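Trainee: next input, structure requested:
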Amino acid sequence: MIPLAHGEIGAGEDWTGVVGILAVAALGAAYGRGVQELWTRRGVGVVLPGWRVAAFGAGLLILLSAQQGPIHEASERSLAGHMTQHMILMLVAGPLLAAGSASLPLVVAAPRRLRRALGRLRAAAASRWLRRPLNTALIAAGLHTGVLWFWHLPVPYRWVEENELVHGFEHLTLVSAAWFLWSTLVGSRAARLSPPVGFLLLFATGMPAAALGAVLTLAPAPIYAAEFLAGPDPLADQQLAGLIMWVPMDVVMLIAAIVLFLRWITALERRTPGERDMRPEHGRSGTEEVAV
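Mentor: The predicted model follows:
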């Protein structure tokens, strides 16, 4: 029997964990059904490339592994373990799920009545405004920042530690916010931002996340109640948690920003002819005209 913040391992079945597993399994089944329909109608990999399907599957596996086993047990023992779990959900599972471009397969797999309702909703003016990539990205960035900060404030964190239902809802919102944000960067072409705008979005989203990590790391005293911090030095546990948020979040967003910047430069070079290639042609043409 291992005492934990949310109960005891081996004390009984964690019903919220079972619900989470069933939800992930249902999501995977619906996505797989949609992919099968698309590939049957249009051909394998034509509408939805295989690498996107693999990314979505990997995202589901990461989501399950973060909710069970050693990662889950570590999250129950300390704030640093809890933060590690959150970063796995937001920086690994979220981007992979977003890369899966799940909207089309899930719509295809939905019942006919639901598809019709979604079609009517999609045709609404508010929906058309929301589907504009920049508007979607601004909302996604706001949600990502709000969700991240909210759940790491002292009072909401206490709710999470004391109630399994709130804990499960916390993870749902963290993954959903990350999935939504990264879908504007690595999702389908129609929903994706242009590289320069995506670069700015990552910068704008990464700054508040880094600020939260800095607050936890540099605070002179524990922000959370002592019973939610591990070890003989509660402040050290909080500082380690802050670093776990601060460094990986910055690194992942920096790498993504660099990739977007390089894509932007490459696209500019493809659209703009090089001056070096043009000068000899003009030079030869001018010489020939003088010779004539």
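
Trainee: wait, L174 sits on I88?
Mentor: No - counting by CB atoms under 8 Å, I88 is not a contact partner of L174; they are 10.1 Å apart. No exception for glycine: its C-beta is placed from N, CA and C like everyone else's.

Trainee: quick one: contacts for the closest residue in space to S78 that isn't next to it in sequence?
Mentor: Spatial nearest neighbour of S78, chain neighbours left out: A230 (3.4 Å); criterion: CB to CB, 6 or more residues apart in numbering. By CB atoms under 8 Å, 6 or more residues apart in numbering, A230 lies in contact with 77-81, 237.

Trainee: A230 falls within a strand, correct?
Mentor: No - according to DSSP: H, G, I helix; E, B strand; the rest coil, the state of A230 is coil, so it is not within a strand.

Trainee: can you show me the helices along the chain?
Mentor: 15-42, 50-67, 69-77, 79-88, 94-99, 103-109, 112-123, 125-130, 133-151, 154-162, 164-186, 195-218, 234-271, 275-291 (DSSP state H).

Trainee: where does the chain dip in pLDDT?
Mentor: 1-14, 272-292 (pLDDT under 70).

Trainee: tally up the residues packed near G32, please.
Mentor: Neighbour count of G32, defined by other CB atoms under 10 Å: 15.

Trainee: to clarify, my last question referred to Q239.
Mentor: 18.

Trainee: out of everything not next to it in sequence, what's closest to it?
Mentor: T217 (5.2 Å).

Trainee: try G28
Mentor: Closest residue to G28 apart from its sequence neighbours, by CB to CB, 6+ apart: L60 at 5.1 Å.

Trainee: thought that neighbour was touching A30?
Mentor: No - using CB under 8 Å, L60 makes no contact with A30, being 11.3 Å away.

Trainee: not counting its neighbours along the chain, what's nearest L240?
Mentor: A80 (4.2 Å).

Trainee: W264 now?
Mentor: Computed as CB to CB, 6+ apart, the closest residue to W264 that is not its neighbour in sequence is P195, at 3.6 Å.

Trainee: give me the distance between that neighbour and G242.
Mentor: 31 Å (CB to CB, to the nearest Å).

Trainee: who's more crowded, these two?
Mentor: For P195 versus G242, neighbours defined as other CB under 10 Å are more numerous around G242 (23 against 20).

Trainee: who's in contact with that one?
Mentor: 83, 213-219 are the contacts of G242 under CB under 8 Å, 6+ apart.

Trainee: what does A219 give?
Mentor: Applying CB under 8 Å, 6+ apart, we find A219 in contact with 235, 238-239, 242.

Trainee: now it. Its backbone dihedrals?
Mentor: Dihedral pair for A219: phi -60, psi 130, per degrees, to the nearest 10.
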